[in-house]
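1. The following comprises the amino acid sequence and a computationally predicted model.
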Amino acid sequence: MPSSSSSMDCVASKDKETPPLNRAAAWWTGETVAVVTGANRGIGHALAARLAEQGLCVVVTARDEARGEAAAAALRARGLRGAVRFRRLDVADPASVAAFASWVRDELGGLDILVNNAGVSFNEMDTNSVEHAETVLRTNFYGAKMLTEALLPLFRRSPTTTSRILNISSQLGLLNKVKDPQLRRMLLDEAALTEGNIEGMASRFLAQVADGTWRGRGWPEVWTDYAVSKLALNAYSRLLASRLAGRGVSVNCFCPGFTRTDMTRGLGKRTAEEAGRVAAGLALLPPQHLPTGKFFKWRTPQLYSKL
C-alpha cells in the first residue's frame, strides 16, 4: 500500500512530552524556508503544520497536485503564523526534482530546512513482498538523495544559524537488521565507505530481486525492500553529514516509530501529530544544540555506527 510517510518499527525508550518550543529564543523568522516532502497527509502534513505554527515559511510538496493543493489550503485555513505554499514534486522523477530546485532558487531565493519525508511501502503489516522493490528504492533512497543533492547549493548558510536536513527513516534500516557479515563490515567502515558502495548495495539487492535470489542473502527480514531503502538512506545520511561537517548544514535521521498512518493501516502506538511534533522539534533545535550525523530513535540521538 503506498504512503507518503515513514512510520514502521521503532520503539523508543521512555517517551516524554516534547518541551514546547521557545519562540522568544527562536533562531528562525518568517523568512526561514522549510521544505517538507510528501506533506499532503500523515506525518509530513502534521510536521508541516507544526513548522507553520511556529511561524516559518513552509513549502508543502506532493506528487498529486490536487491533493497537495488541498493539504496546503487546509493548513492555511487554520490561520497558522507562517506562510504555507504548495509545489508539486515527484522525488523519483529527475525532471520534477530539477524543476522544483529551480523554483526554490527563483521564487524563494533558497531554503533553510529540508525534511525528506516522502516515502512508499506496498506491504501489508504481515507481508514481505518485494514486487515493488524498484519503486520503493527509487522513491525512498534514490529520490531523497537526488532531491538533497539538487538543493544543496541553495541552502542558506549563516555564522549564527545552521541549515538542516532531516531524513525521515526507520529502525528497520539499522545495521542490526543486516545478517550479511560482509555487508555489515562495509557499512561500518566509515573511512572507506563511499556513495558508490551504497548505490552498489542497492543495485545488488534489486538484481537479486529480479532473479529471485534475494532470500537468505542476509538482508533485513521485515519489509525487506523498505528496510533496504532506509538502510541505504541512513548510510548516505552518515556520509553526507561527514561531507558537510563545518560547512553550515547538519544532516540527521529520525525514526518516528510505529505511528498510525496509511502505511500502517491506522495501527500504531502514537499519532501522526505526535510524530510530527517531535520531528519539528528536531528540525528546529537551537544551533548550539544541533548535532549532525545522528539517528534519532524518537527523541534519543544515537551514532549510526553503534547501532
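-> Sure thing, it's come through.
2. Please make it C-alpha for all contacts and neighbour counts, starting now.
-> OK.
3. After the lowest-mean-pLDDT helix or strand in the chain, which helix or strand is next?
-> Among the helices and strands of the chain, strand 259-260 carries the lowest confidence by mean pLDDT, DSSP states H and E, at a mean of 50. Counting by DSSP states H and E, the next helix or strand C-terminal to strand 259-260 is strand 270-271.
4. same question for that following strand, mean pLDDT?
-> Taken as a whole, strand 270-271 has an average pLDDT of 84.
5. quick one: which helix or strand includes Ile165?
-> Counting by DSSP H and E, the secondary-structure element that holds Ile165 is strand 163-168.
6. Run through the neighbouring helices and strands of that strand.
-> Using 3 or more C-alpha pairs under 8 Å, 6 or more residues apart in numbering; DSSP states H and E as the contact criterion, the secondary-structure elements in contact with strand 163-168 are strand 113-116, strand 249-255, helix 272-283.
7. can I get the ones you listed in JSON lines with distance to Gly30 and mean neighbour count?
-> As requested, these are exported to JSON lines (distance: least, C-alpha to C-alpha, whole Å; neighbours: other C-alpha atoms under 10 Å):
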{"stretch": "strand 113-116", "distance to Gly30": "13", "mean neighbour count": "26"}
{"stretch": "strand 249-255", "distance to Gly30": "20", "mean neighbour count": "27"}
{"stretch": "helix 272-283", "distance to Gly30": "15", "mean neighbour count": "22"}
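8. Ok, which of these comes nearest Phe296?
-> strand 249-255 (4.6 Å; C-alpha to C-alpha).
9. Strands along the stretch 51-200 of the chain, start to end?
-> Taking DSSP state E, counting those that start in this stretch as the criterion, the stretch 51-200 of the chain carries its strands at 57-62, 84-88, 113-116, 163-168.
10. still on that earlier bit, go through the helices and strands packed on strand 163-168 and find the least confident stretch.
-> If the helices and strands packed on strand 163-168 are sorted by mean pLDDT, helix 272-283 sits at the bottom with a mean of 92.
11. quick revisit: dump the strands of the stretch 51-200 of the chain to CSV, plus distance to Pro181.
-> Below are those laid out as CSV (distance: least, C-alpha to C-alpha, whole Å):
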stretch, distance to Pro181
strand 57-62, 38
strand 84-88, 41
strand 113-116, 29
strand 163-168, 26
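12. what about the top helix by length along the chain, average pLDDT?
-> Taking residue count as the measure and DSSP state H as the definition, the longest helix of the chain comes out as helix 224-243. The pLDDT scores in helix 224-243 average 97.
13. if I look at the residue lying farthest from the centre of the chain, how far off is Ala202?
-> For the chain, the largest distance from the centre (C-alpha atoms, centre = their mean) belongs to Asp211, which lies 29.8 Å off. Using C-alpha to C-alpha, to the nearest Å, one gets 15 Å for the distance from Asp211 to Ala202.
14. One more: Val178?
-> Per C-alpha to C-alpha, Val178 is found 13 Å from Ala202.
15. ok, now Leu188?
-> Shown here: Leu188 relative to Ala202, a distance of 16 Å by C-alpha to C-alpha.
16. quick one, which of the two is more surrounded?
-> Between Leu188 and Ala202, counted using other C-alpha atoms under 10 Å, Ala202 has the larger neighbour count: 21 against 17.
17. Look up which helix or strand that one falls in, please.
-> Using DSSP H and E, Ala202 sits in helix 195-211.
18. Only the buried residues of that helix, if you could.
-> The neighbour-count criterion (16 or more other C-alpha atoms under 10 Å) identifies 197-198, 201-202, 205-206, 209 as the buried residues of helix 195-211.
19. Can you convert those into CSV and add a column each for distance to Ala227 and pLDDT?
-> Formatted as CSV, the entries for the buried residues of helix 195-211 read as follows, by distance: C-alpha to C-alpha, whole Å; pLDDT from 0 to 100:
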residue, distance to Ala227, pLDDT
Asn197, 17, 98
Ile198, 14, 98
Met201, 13, 98
Ala202, 11, 98
Phe205, 11, 98
Leu206, 13, 98
Val209, 14, 98
